[in-house]
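A.B. asks: got a predicted structure here, sequence first:
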Amino acid sequence: MPVKYTDLDSCLSGEAVLSDISAYGLGMVTGVDLQLSTRLEIWLKVPDQGQPVYTRGKVVWSSIAGMNSHRMGVSLERTEFMSLSRLMRIH
């Protein structure tokens, strides 16, 4: 699932791919190495033709996933369970 994000500290935006999701966090793979504690605004493009799911979170871990590829874990600030259930049906 495609992910768009904005780094709230630097105001830089980027794209990633969702690798996993839970009620409290998500994993994503991107071409940029985001530092620990980076605060993010996140939009998940759900393939159900609805609006993207918006959330906010903080990078809690990061590792190299390959050449120019980084996998990271993001702890979500707040969970909106209605939006999360929409994601879980598809993912």
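C.D. replies: Now that the structure is in, tell me what you want to look at. Residues are numbered from 1 along each chain as shown.
A.B. asks: remind me which residues of this protein are low pLDDT?
C.D. replies: 49, 79-91 (pLDDT under 70).
A.B. asks: make it 80
C.D. replies: 23, 47-50, 78-91 (pLDDT under 80).
A.B. asks: ranges for the strands of it?
C.D. replies: Remark: strands assigned in the chain by DSSP state E are 2-7, 13-21, 25-30, 39-44, 53-66, 69-76.
A.B. asks: what lies in contact with the last one?
C.D. replies: By that I understand strand 69-76. 19, 24-34, 40, 42, 55-65 (C-beta atoms under 8 Å, 6 or more residues apart in numbering). Bear in mind the C-beta positions are built from the backbone N, C-alpha and C, glycine included.
A.B. asks: centre of the chain to it, how far?
C.D. replies: 7 Å (C-alpha atoms, centre = their mean, to the nearest Å).
A.B. asks: E15 contacts V3, correct?
C.D. replies: Yes - in this structure, E15 is within contact of V3 by C-beta atoms under 8 Å, at 6.7 Å.
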